[in-house]
Structures are given as C-alpha cells and as structure tokens.
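*Asks:* fold the following, please.
(chains A and B)
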Amino acid sequence: MDSINVLYVLYVCYLIASVLFVVGLKMLSHPDSARKGNLLAAFGMGLAILGTIVLHHNKEGQPITNHVWILVAMAIGSVIGWLSAKKVAMTAMPQMVSIFNGMGGACAAVISLIEFGHYSEHAANGISIGTYLTIIAGLIIGSVSFSGSVIAFLKLQGIMNKNFRLPAQNIFNSVLMLATLGLGTYLVTSGLVSMPLVLTVFALSLIYGVMFVVPIGGADMPVVISLLNSFTGVAAAFGGFLYDNQAMLTGGILVGSAGTLLTIVMCNAMNRSLTNVLFSAFGDSGSGGGASGPQGSVREMSATDVAVMMNYSSSVVIVPGYGLAVAQGQHIVQKMASVLEERGVDVKYAIHPVAGRMPGHMNVLLAESNVPYEQLKDMEEINPEFPNVDVVLVIGANDVVNPAARYDTNSPIYGMPILDADKAKNVIVMKRGMNAGYAGIENELFFYPNCYMLFGDAKKSLEKLVEELQAL
Amino acid sequence: MDQILSLIGDNIQMIYIIILSIFVGVEVIGKVPAVLHTPLMSGANAIHGVVIVGAIIVMGHTDPSNIVGLLLGFVAVVLGTLNVVGGFVVTDRMLEMFKKKAR
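*Replies:* Numbers count the residues shown, from 1 in each chain, chains lettered A, B, ... in the order given. Here you go, the predicted structure:
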C-alpha cells in the first residue's frame, strides 16, 4: 500500500474507535450492558492507539519514530495504571478516578508545551492563529484539570482536609482567571512566540486549578471531579483540533459534553446549582448557624438493645453513608442484614443520591459485599415507606438525614432532598461521636424523641450487633 | 474578523464534528440512573485518555536529538497511558460488582 492508503486505513481505525466510544458510553448508562460498554470503549481505544503507532504519518509524510521510547513509556504507564487500579480499595475509588483524570489533563498540557516548543525553535516562521489557539487552550484547560484533580485527590484521600478560603477568594480567583485568559488571548491574537510568556500561562493555570478546588468542601468533590473530567475531555479535543485527529476530537468532545451533563445531574441531585457548589462559601455559613443549632440531649442505646429492637421488628431500613465506607463495614452490614432476614425481618437499604463521596458510591460499596440489587432503594422509592418502617439504622451518614434541609432556610443544606428517616418509628444513628457531618452542621435529628445513638466505630458496632443478634 | 472567518472556514468539518458530538454526548447519557453515575464518570474519564494519541504523535515526530522534547514526550505518553489503562480498569472493577448481583 502506498502512504495515502495507509492513512486511509488509519482514518477507518479512528472512525471505528469513535463509534465504539459513543456506543460504549451509551451502554455504560444501562446497568445490564455497562460492563460490556466499558470493554467496547477500551477496545476502541486500543485500536486508536495501535493504529496511530503503526500507521500515523505527519503532514510531511513521515511515519512515527522513537518506537522504543513510546513502547517503554506505555509499558510503564500500563503497569502502574493497572496495578493501582486493581489494588485500590473500593472506598478510595473516587480519588482514583480523580488522579487518573489529572494524568489526562497533564498529558494534554505537556503536549501543548512540546508543540509550542517546536514552533518556538523556528519563531521566525510564525504560528497560525488556529494552531496557537488550540495550543494555548489545551495548555490552560489541561493544567487546570491537572492541578485541580490533584487537590481533589488530596482532599478525598484526607491528606488535605482544611477548606481554607482567602478573605476574597472569589475575587482573587476571578482576577487570576482573567489574567490567565487575558495573557492567553493576547498571545494568540498577537501571534507573539515567547516561551517565557507561555510558561507563565502554564504556571497561572496550575495555580488557578489549585485555588479553584481548595475552597470547595469534600462533600462537593464529586461534582468538582465530574467537572474537571469534562475539562480534560475538552483539552483532549483541542489536541484533536491541533493534529486534525478525529478520534481525539470525538472522544474529547463526547466526554466534555457528557461530563458537563453528568455534573449538572449531580448538582440537581443535591438541589443546588453548579455556581452555588463552585462559588458559595459552603462551610462558612454552616459554622455560623452552628451556634444557634438544636439544643437538648441525645439518648444513647446499647448494642444489645438495638439488636433486640431490630430482631423483633418487621422492617428495617439501613441508611449507609461515608462512615460505613471509611470503617470498611460493608461486609459486616450485609452479614447483619442476612441474619435479620433469616429471622423474617424485611431489610432494605435507602440510598441517598449523594451518600458517600460520589453518587453511586454506596451502591458500588454494597455491591462489593453481594447485597442483592433489589434491596437497594432510591430516595424517591423509599421515602413514602418510612412512616411504616420500624427501625432505621443510619450508619455513618449525617447530612442526608438532616430534617433541617426541609425548612431551615439558614442551613447550608437547605433545599437538598433528604431521606425521611426521621418519620420512621425508631431511628438508630451509628456514629463515632457527636461531631458534625461533612457540611459542618449540627443534625437536629439526633435530638428527636424517636432517635437513639449508638456510638462507636461503625464496623465494630456492627460486629457487636451481629454477635448480639446471633445470641438471641 | 477575517482571521476568525478563515479559521472557521478552514476547519468547518471539525466544527461540525464538535457540534454534533456535543449533542451525541448529551443524548447518550440522557437517562442514566443514579446508581451508574460513578462508573459512568469513570468510563468517560478513561475515554478522554484518547489524548494519549496526541502524545504518541508528538513523541513520534520529535527529533531524536531533542532530548528535552523526548523527555517531555515520554512523560506525556506515560501520563496518557495511566489515564487510559487506569481509567478502564477502575471502571471495570466497579462494574464487575454490579454484574455479580444483577442475577
């Protein structure tokens, strides 16, 4: 085959890859086909990568060289990626997604830097406005996505758990963003080829990514990760523009738009707008309201009493939260549920859309310990049932069952749909202590007359409950 | 103005792809159940790893005497591969669990 035909074969590879991305994403949004969809998309990706290595020729008709470098780099990336993805605990999935996303963003930024390096070597030839635009745009978006994702990772990993805010954070961030975009626009429109200035854009973007994510509370991290995910998609698409590469373009834009929609869907699940999540001082207003929070005393209940109560009830609903994930209690909770079921108790799990640190986090976690699919109930499905439930067991969840969200306009979580656990006959809250939830606010549910506290590590308390149940 | 018009004119096919892809992206995940939000995000995350194709291209056309370029390209390919491989494997691990109990 001559080189033109070789290129056409590559185009066919890209075409198939693009179609597989679309079909894969489509299948990923249905439970039955999701896994196959992921594999299809991965297959498309493999085709695009292999095709590029073997068949790609640049505009001067030169094939890909430096094969050894490329293959060694891919081998390193594959081994590290594979191992870390296989080894990571289910509880740490969200930050894993975040860090992989950051790698993609960094990749896009580095590509832009190298491409610009090629042009700056021959600065006299100039650089077309379209090329410059894609290089700068890919650089900015990729860098923001990278540094933002790293901060999101550090926050979810608990390495960085302060949400520090500068006094005028929003203004500072806006100025920073305008400076970055302004310098970028100036470079593109003037066609000035200056490595130091491009590196300045790079540095400003990195700082912006950090400043953008740092003030956002951990509970909102899923939304941020989803948004940064779509950013990386857009950065990849700019790369596609740069190289006239259809696979990068369709793949990138697809993720960009699907990711944006997913971000909005997540915000809707919390009944908040995206701007509210990104720019409002979530933690601040909460600490202000804390002082005038609910007063009174909470009542503690021993594990033995809780076990007896559940044993002789006809229905139990379990409300899992991040605390369950942290304590790694998903297996023992399943064990407890099966003991209860043997005794003829009807057991269900009420899953709040944003329980845990990501939508679907609890489903994934409980699925790991073989909780039957039918027992997992969405909020809309379970809420009408609560008044008939004998015992609600809240394990390591807090804000998603805070009744203040229904009426207290001063509460930072006001308006968020909650699980109506307070309407059940009895509520048992398993907590480590009386600390506030992730939103940093008191939960008046704990002071309700039908609510009892079972203090302790979720896993240890559950183990004790199973013991007590089996002894009955 | 002329510059912008010619930018659009020269890339009109690309622009069509972009606009249609935006609609496809929105349509495709239109009615995803909350259960699948995390795996879907993770899957999308793996797909934008297609940026690795750009890394391979830039690496493959870098002059072997340009050590800085080669090193940066090497880093880009490693990062892109991490995104792709890690992304798909993590997604598969999440979905594997759904499979088991969807009996």
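
*Asks:* domain parsing for the chain?
*Replies:* Here I'm looking at chain A. Chain A breaks down by automatic domain parsing into domains covering A:1-87, A:91-285, A:303-471.

*Asks:* switch to chain B, please.
*Replies:* B:1-31, B:33-103.

*Asks:* about what we covered before: would you turn the domains of chain A into a markdown table with mean pLDDT, mean neighbour count and distance to residue B:39?
*Replies:* Heads up, the C-betas are built off the backbone N, CA and C, glycines and all. Conversion of the domains of chain A to a markdown table gives the following (pLDDT from 0 to 100; neighbours: other CB atoms under 10 Å in any protein chain shown; distance: least, CB to CB, whole Å):
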| stretch | mean pLDDT | mean neighbour count | distance to residue B:39 |
| --- | --- | --- | --- |
| domain A:1-87 | 91 | 18 | 6 |
| domain A:91-285 | 88 | 22 | 9 |
| domain A:303-471 | 84 | 20 | 7 |
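
*Asks:* where does the residue in the stretch 1-150 of chain A that chain B sits nearest to fall, helix, sheet strand or coil?
*Replies:* Nearest residue of the stretch 1-150 of chain A to chain B (CB to the nearest CB) works out as residue A:77 at 2.6 Å. Secondary structure, DSSP: H, G, I helix; E, B strand; the rest coil: residue A:77 is helix.

*Asks:* now do the contacts for it.
*Replies:* B:77, B:78, B:79, B:80, B:81, B:82, B:84, B:85 (CB atoms under 8 Å, 6 or more residues apart in numbering or on different chains).

*Asks:* without its sequence neighbours, what residue ends up closest to it?
*Replies:* Nearest residue to residue A:77, sequence neighbours excluded (CB to CB, 6 or more residues apart in numbering or on different chains): residue B:81, at 2.6 Å.

*Asks:* before we move on, the earlier item: residue B:32: which of the domains of chain A is closest?
*Replies:* Residue B:32 lies closest to domain A:1-87 among the domains of chain A, at 3.9 Å (CB to CB).

*Asks:* neighbours of residue B:65, how many?
*Replies:* Using other CB atoms under 10 Å in any protein chain shown, residue B:65 has 7 other residues around it.

*Asks:* could you tell me whether it really is in a helix?
*Replies:* No. If the criterion is three-state DSSP, then residue B:65 is coil and not within a helix.

*Asks:* so what does it look like in phi/psi?
*Replies:* Backbone geometry at residue B:65, expressed as degrees, to the nearest 10, gives phi -80, psi -10.

*Asks:* and it, what does it touch?
*Replies:* So residue B:65 contacts nothing (CB under 8 Å, 6+ apart).

*Asks:* what segments of chain B are helices?
*Replies:* For chain B, the helices defined by DSSP state H occupy B:2-10, B:12-28, B:37-47, B:51-60, B:67-81, B:87-101.

*Asks:* just say which of those is most tucked in.
*Replies:* When the helices of chain B are scored by mean count of other CB atoms under 10 Å in any protein chain shown, the highest mean neighbour count falls to helix B:37-47 (a mean of 31).

*Asks:* quick one: mean pLDDT for it?
*Replies:* For helix B:37-47, mean pLDDT rounds to 90.

*Asks:* what about residue A:453, which SS state?
*Replies:* Under three-state DSSP, residue A:453 falls in the strand class.

*Asks:* what of residue A:427?
*Replies:* Look at residue A:427: counting by three-state DSSP, its state is strand.

*Asks:* wait, it sits on residue A:452?
*Replies:* Yes. If you go by CB atoms under 8 Å, residue A:427 and residue A:452 touch, sitting 7.1 Å apart.

*Asks:* gap between the residue nearest to residue A:77 and residue A:351?
*Replies:* 34 Å (CB to CB, to the nearest Å).

*Asks:* cool, residue A:23 as well?
*Replies:* Residue A:23 is 28 Å from residue A:351, where distance means CB to CB.

*Asks:* what about chain B, any weak spots by pLDDT?
*Replies:* Scanning chain B for pLDDT under 70 picks out B:97-103.

*Asks:* who touches the residue in it that chain A sits nearest to in this structure?
*Replies:* Minimum separation of chain B from chain A (CB to the nearest CB) falls at residue B:81, amounting to 2.6 Å. Residues near residue B:81 by CB under 8 Å, 6+ apart: A:73, A:74, A:76, A:77, A:78, A:81, B:49, B:52.

*Asks:* closest one to residue A:268 out of those residues, please.
*Replies:* Closest approach to residue A:268 among these (CB to CB): residue B:49, at 27.4 Å.

*Asks:* pretty sure that closest one contacts residue B:90?
*Replies:* No. Using CB under 8 Å, residue B:49 is not in contact with residue B:90, being 11.5 Å away.

*Asks:* hey, what's in contact with both of these two?
*Replies:* residue A:100.

*Asks:* ok, which stretches of the stretch 101-250 of chain A are helices?
*Replies:* According to DSSP state H, counting those that start in this stretch, the stretch 101-250 of chain A carries its helices in the segments A:129-157, A:169-190, A:195-213, A:221-242, A:246-269.

*Asks:* looking at those, which is closest to residue A:406?
*Replies:* When the helices of the stretch 101-250 of chain A are compared by CB to CB, helix A:246-269 sits nearest residue A:406, at 16.3 Å.

*Asks:* now do the closest one against helix A:129-157, angle only.
*Replies:* Counting by axes from the mean of the first three to the mean of the last three CA atoms, to 10 degrees, helix A:246-269 points 40 degrees away from the direction of helix A:129-157.

*Asks:* ok, and what's touching the next helix or strand after helix A:246-269?
*Replies:* For helix A:246-269, the following helix or strand on the C-terminal side (DSSP states H and E) is helix A:274-279. Helix A:274-279 is contacted from outside by A:170, A:212, A:216, A:220, A:223, A:224, A:227, A:263, A:264, A:267, A:270, using CB under 8 Å, 6+ apart.
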